[in-house]
Structures are given as structure tokens and as C-alpha cells.
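Asker: Below are the sequence and a predicted model for it; my questions follow.
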Amino acid sequence: MAPIQLLGQMLPLLVFIIVDSIYNNIRISIISAIVFAVGQLGFFYFKTGQFDWFVLVDVGLIIGLGTVSIILKNDMFFKIKPAIIEGVTIIFLLVMIFMPDHFLLNYFGRFMPKGMVLNPQMISVMKKMLLWICGYILLHIGAVLYTAYYSSRKIWALVSGPGFYLLFIPILGFIFIKKFWLRRKIVKIDEV
């Protein structure tokens, strides 16, 4: 999932949070998120001339689960939408992990700047990275579902929106510490 898609997925959620904080009315908040998501889809279509299947699934879930939440007067259906779309993302990533290497070379090669070629030896590293991303997303799905069922809407909104990125903080801390210790080891070896 590209960062722009993640941001696009978060915008209707942010509209929901803002409207909910102003009106404290779940119905108005969900309708606002649905209207914004449809407008966002129309904007991207107008700008690019095509629909991105991932955005279509996301907007379809917002409309479908939002409508069910309004009809049943239960915001739980709307709250689990981020977990569902992330589950779809995990399936997509797992398919990529188990695809042949030449498929991934062609797929990721489309995103390389003109004249640059992806090194085939990087595919195993990419597959390992995609597996770690799946684990990370799975952790976030668990957090979204937990807060949807057991926390307030504000806590759920924090976890399901910016919480996705906040989970990166411990991971980044681990990476920086690991690099620091690796660098110290290299310096000590050079001194000997």
C-alpha cells in the first residue's frame, strides 16, 4: 500500500473524527465520512481518469459499513473498516511474497525511475520485508479491533488513524539502536 493510499484511507477517518468532535452525533459523523470518501473518489477519478481498485474497495467499505452502522444505530461496523481493509492488504502482500521472483521484478520494476533496474538479488530481502510488514499490519489490526470493542471513539480514532504510524516508533528505535551497535562494533574492529 503506497503512502498516498494510506493517507487517502485516513482522510475520511479524519473527517469522521472532526465532525464527531463538533457534533457528537455518530450518524452525522458517518454520513460526513461517506460523503467525503465519495467526493475523494470522484476527485481522484477526475485527476487521473481511472479508478484505483484499492481506493474503490476502501470507499465501498466506508459506504457499506457506514450505512449498516447508521441503519442499526451501532458504530461498530464503521469502526472495524480499517481492520478489514488492512486484512485485504495482508492478503495482497502474502500473494506477492509467494509469487515467483520474476513476477516481483516486473511488478516493482514499474515503479523504478527510468533507466534504473531492480537487482534480482534484492527480491529475497523484499520478501522478508513484506513478511515483516504483514506482521506489523496484523498487530495494528489487533489494536484497531481491541479499541473498537473496548475503548471510546476517541481512543479508537487515535489507534486506527495515526496509531498506524505511531507503531513505527518502537520499530524505528530498534533499527537505530541496532545500527548504533553495529557501527560501534565496526569501529572497535578497525581499532584492533
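Answerer: That came through, no problem. Numbering: from 1, shown residues only.

Asker: Output the below-cut-off pLDDT ranges for the protein.
Answerer: In the predicted model of the chain, residues 1-8, 185-192 satisfy pLDDT under 70.

Asker: Show me the longest helix that occurs in it.
Answerer: helix 123-150 (DSSP state H).

Asker: Contacts made by the next helix or strand after it with the rest, please.
Answerer: Using DSSP states H and E, the helix or strand that follows helix 123-150 in sequence is helix 153-160. Outside helix 153-160, the residues that touch it by Cβ atoms under 8 Å, 6 or more residues apart in numbering are 13, 16-17, 20, 26, 75, 79, 82-83, 143-144, 147-148, 151. No exception for glycine: its C-beta is placed from N, CA and C like everyone else's.

Asker: at 7 Å instead, please
Answerer: L13, I17, D20, K79, P82, A143, V144, T147, A148 (Cβ atoms under 7 Å, 6 or more residues apart in numbering).

Asker: check which helix or strand covers the first one.
Answerer: This means L13. helix 3-23.

Asker: orientation of the longest helix of the chain relative to helix 153-160 in degrees?
Answerer: 180 degrees (axes from the mean of the first three to the mean of the last three Cα atoms, to 10 degrees).
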